[in-house]
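Engineer: coordinates only, sequence not included:
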DNA sequence: CATGAATGAGATTTCATTCAT
DNA sequence: GATGAATGAAATCTCATTCAT
């Protein structure tokens, strides 16, 4: 079932195999339900080797989170070209995001579900990555406001809330797209751009919805 | 620390005490890290009694999810009056949602984090509740479209995606509001209405953002 | 092999059974080579019960040391009557000491060998008991000096060294007596009294210390 | 921290480095808590080399015991000149003993604590050395008896017990001297000679044994 | 009803030891 | 000769769960 049992691999290669296996098991079973036995077997190595290279279950999980976080931000970053207009950058970033999460469901499960559910140290690790993405979106919103000559500027904490909402909506749609047969990354991105950008557009033009008294 | 040890309470009351304790422990420690010992102690009863009433850890967790899900949907439902315009209904519902999650952080943790992270049976239970809320939002969006005389109707799966995105944004803001000191349910609801409704408004008027070729 | 499997004993009884087993295993195998499995089996209970009652291997070992230390000092104390002359008290104490160690070789091994060899916390526990005995001997030596109208008094640190040497000699003879077939507690005590009280010099000159009738 | 990594040393030298490291680790951590990894690292060689030269952990420990036993008996033997009177020989031997154990605390720990605490094979190894010393002391006592024209001779098993007690007292004082700041080998030897040679009784009467100039 | 007593099964982790290069 | 890569076996400890009173 596991990887073909090839003997005597250099350490770097083995470590990646172990992380591959760990991400899969952690993503599917959850951090606590995952057993080191199962991970070692799927990786095609003995348990002591996993401990020799990765130290402990906690360290192994942390390594998984870091690797998957780096992969996700790299994928999004690679999809975006800085020179283009803000809406185009957001569109490109969203497509990359939905495509990556669809292709790496276990990694996404590790980042989005497992890391946040099993204690502060892990949650902090995942939060750091999320903060990067929120910061990126926040910059885009600010740029868009400038492009739309919005005056006066949006208050800072309002922008933060908007970026938070947008990222949350994207995370939610990622799960929805993965679960809905026939849904593509492009469709998910389109839906979200409609939802978010048109709404933001009105905001930019100074026509917010006003809460009732 | 646990409930006062009163003897001979009717079964229904005892069960609620147990569920109270379980929600607290599950919400704070997580499903797997929670121990039946700790739950029984916090509930002020002996472990065999927990098993007599609730059967198993899985059943206990399921009961928690159901109770908290019912409480949340009831709170949202109570906040909304069906006769009013769609935007007002959404506004009221969001306020109720943010208020309830802020007041019951452990219950919200059980529903939003724990239930989704520990296997299909639990996830399905939580998904059922979420689907109810998404359906409610979906109806609101359809009503709003009719109110705006939008023609032609939004395609159904597009509406589903929008509702999904809106709910995801709300969930994300709930966590953000709880973590950001000074943020209130009202503020969170306002931010989200700005984000979502103004965007939807443009959509309704047939002026969506168009993806680049 | 282990105790007869009697079910449902009160906790206090079970704990003593566990300590009995633990002293035996620790005394024979050594602290580190002893396995909790073996101890549980010899005690006739399951491992979790051992942990439930005694907490951890370290705590179990500590409990063994304390129990055996208390038993030994109690035995010595019971053998000595405070009113009598110093040499008589020493003689009685030594007999009690040799008798007890001969009857409880595993307990003596725990106190004399294992506790001193496996880390400060345990060693401190055993050292406390030993200090009690050394203090008792120190008092006896001082009393003897007074009885002999010695003037000037022996310097204090000299007395401490003498007591230390005497106790060390006794410990050594305990092992020797246990290993030498036909050696009795009485003989060991006689030899040591001769050695210590009369001194080799006197012995050579045919003036040994004579045991009381 | 370990030995400087010099390549291609002759086997005999490498072995001594390994034994140095092993004695240190065994003496400080104890036999079972010592890990071959740590020993290899401290010796500055790879683990397989340790196995190539010393075969197994047991063999390594045995080699340590033998080397340290030989060193101790050699030190004592070197301190004693056969022609002199018995008490002088004892005095010289004790000084050498206390000096050596003070200078090699790890070696002494291996011999006196570890070897006796971890199973018969090792204990036998250490007992062999101890027997040599006891035999030496036994001869001295016999010689002293002859020098004192004692008649009739002390019964043999009495002499054995006396030697045993004397050696035990010396071992005990060695630990005490190492633990007591300011205590020297000379003081320990003096105390023991007073105790053993003169006897407490003489001491009380103000007639101590006097060390040679 | 209620509980103190008890356990089967499995978790993480460590270590002495050996190949294959 | 020397070592990086690898493992079988076993240790401590925890937990959900059930009798017997």
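Structural biologist: Ah, there it is. From a predicted model like this one, the values you see are computed outputs, not experimental measurements.
Engineer: give me the low-pLDDT residue ranges for chain A?
Structural biologist: Within chain A, the segments meeting pLDDT under 70 span A:1-7, A:149-153, A:200-201, A:203-213.
Engineer: which residue is nearest the centroid of it?
Structural biologist: residue A:72 (5.5 Å; Cα atoms, centre = their mean).
Engineer: May I see the buried residues of the helix or strand that residue falls within?
Structural biologist: Using DSSP states H and E, residue A:72 maps to helix A:57-79. Neighbour-count burial for helix A:57-79, counted by 16 or more other Cβ atoms under 10 Å in any protein chain shown, picks out A:57, A:60-65, A:67-69, A:72-73, A:75-76, A:79. Yep, even glycine has a C-beta here, placed from its N, CA and C like the rest.
Engineer: Go through these and name the one nearest residue D:34.
Structural biologist: residue A:57 (26.4 Å; Cβ to Cβ).
Engineer: tell me what the helix or strand containing residue A:163 is packed against?
Structural biologist: If you go by DSSP H and E, residue A:163 is part of helix A:156-179. Packing partners of helix A:156-179 (3 or more Cβ pairs under 8 Å, 6 or more residues apart in numbering or on different chains; DSSP states H and E): helix A:86-103, helix A:105-109, helix A:120-147, helix A:185-204, helix B:156-179, helix B:185-204.
Engineer: picking up where we left off before, which two from the buried residues of helix A:57-79 end up farthest apart in space?
Structural biologist: Using Cβ to Cβ, the pair of the buried residues of helix A:57-79 lying farthest apart is A:57 and A:79, separated by 33.3 Å.
Engineer: Compute the distance between the single nearest residue of chain A relative to chain D and residue D:159, please.
Structural biologist: In chain A, the residue that lies nearest chain D is residue A:52 (10.8 Å; Cβ to the nearest Cβ). Going from residue A:52 to residue D:159 by Cβ to Cβ, to the nearest Å gives 57 Å.
Engineer: the more surrounded of the two?
Structural biologist: Taking neighbours as other Cβ atoms under 10 Å in any protein chain shown, residue A:52 and residue D:159 compare with residue D:159 leading, 19 against 12.
Engineer: now that one: how far from residue D:34?
Structural biologist: For residue D:159, the distance to residue D:34 - Cβ to Cβ - is 39 Å.
Engineer: got it, and residue A:134?
Structural biologist: 51 Å.
Engineer: Is it correct that residue A:114 is in contact with residue A:27?
Structural biologist: Yes. Counting by Cβ atoms under 8 Å, residue A:114 touches residue A:27, with 6.9 Å between them.
Engineer: Distance of the nearest residue to residue A:127 once chain neighbours are set aside relative to residue B:179?
Structural biologist: Leaving aside its sequence neighbours, residue A:127 sits nearest to residue A:116 (Cβ to Cβ, 6 or more residues apart in numbering or on different chains; 7.9 Å). To residue B:179, residue A:116 is 12 Å away according to Cβ to Cβ.
Engineer: Just want to know which of these two has more residues nearby.
Structural biologist: More crowded of residue A:116 and residue B:179, by other Cβ under 10 Å: residue A:116, with 20 against 9.
Engineer: So which bits of chain A are right by DNA strand F?
Structural biologist: Counting by Cβ under 7 Å from any atom of the strand, chain A comes close to DNA strand F at A:7, A:8, A:9, A:10, A:11, A:14, A:45, A:46, A:47, A:48, A:49, A:52.
Engineer: Only the buried subset of those residues, as a ChimeraX command please.
Structural biologist: To isolate the buried members of the residues of chain A next to DNA strand F in ChimeraX, using 16+ other Cβ under 10 Å:
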select /A:14,45,49
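Engineer: Same list (the residues of chain A next to DNA strand F) but as CSV, adding distance to residue C:95 and secondary structure.
Structural biologist: Shown next, in CSV, are these (distance: Cβ to Cβ, whole Å; DSSP: H, G, I helix; E, B strand; the rest coil):
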residue, distance to residue C:95, secondary structure
A:7, 67, coil
A:8, 67, coil
A:9, 69, coil
A:10, 70, coil
A:11, 65, helix
A:14, 66, helix
A:45, 63, coil
A:46, 58, coil
A:47, 56, helix
A:48, 54, helix
A:49, 59, helix
A:52, 57, helix
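Engineer: Adding distance to chain C as columns, could you present the residues of chain A next to DNA strand F in a markdown table?
Structural biologist: Formatted as a markdown table, those follow (distance: Cβ to the nearest Cβ, whole Å):
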| residue | distance to chain C |
| --- | --- |
| A:7 | 33 |
| A:8 | 34 |
| A:9 | 35 |
| A:10 | 36 |
| A:11 | 32 |
| A:14 | 32 |
| A:45 | 27 |
| A:46 | 23 |
| A:47 | 20 |
| A:48 | 20 |
| A:49 | 25 |
| A:52 | 23 |
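Engineer: does residue A:14 really touch residue A:54, like I thought?
Structural biologist: No. With contacts counted by Cβ under 8 Å, residue A:14 stays clear of residue A:54, the gap being 10.1 Å.
Engineer: show me the contacts for residue A:18.
Structural biologist: Shown in contact with residue A:18 (Cβ atoms under 8 Å, 6 or more residues apart in numbering or on different chains): A:39, A:40, A:43, A:45, A:49, A:50, A:53, A:54, A:60.
Engineer: Identify the residue nearest the third one in space, chain neighbours excluded?
Structural biologist: Spelled out, it's residue A:43. residue A:21 (3.8 Å).
Engineer: Also compute the angle for the helix holding residue A:163 relative to helix B:185-204, please.
Structural biologist: Interaxial angle, helix A:156-179 versus helix B:185-204 (axes from the mean of the first three to the mean of the last three Cα atoms, to 10 degrees): 60 degrees.
Engineer: Distance from the chain centre to helix A:156-179, please.
Structural biologist: Averaged C-alpha coordinates place helix A:156-179 at 11 Å from its chain's average position (Cα atoms, centre = their mean, to the nearest Å).
Engineer: now stretch A:101-118
Structural biologist: Distance, centroid of stretch A:101-118 to centroid of chain: 8 Å (Cα atoms, centre = their mean).
Engineer: In it, which of the residues would be classed as buried?
Structural biologist: By neighbour count, with 16+ other Cβ under 10 Å as the criterion, the buried positions of stretch A:101-118 are A:101-102, A:104, A:106-118.
Engineer: Thank you, goodbye.
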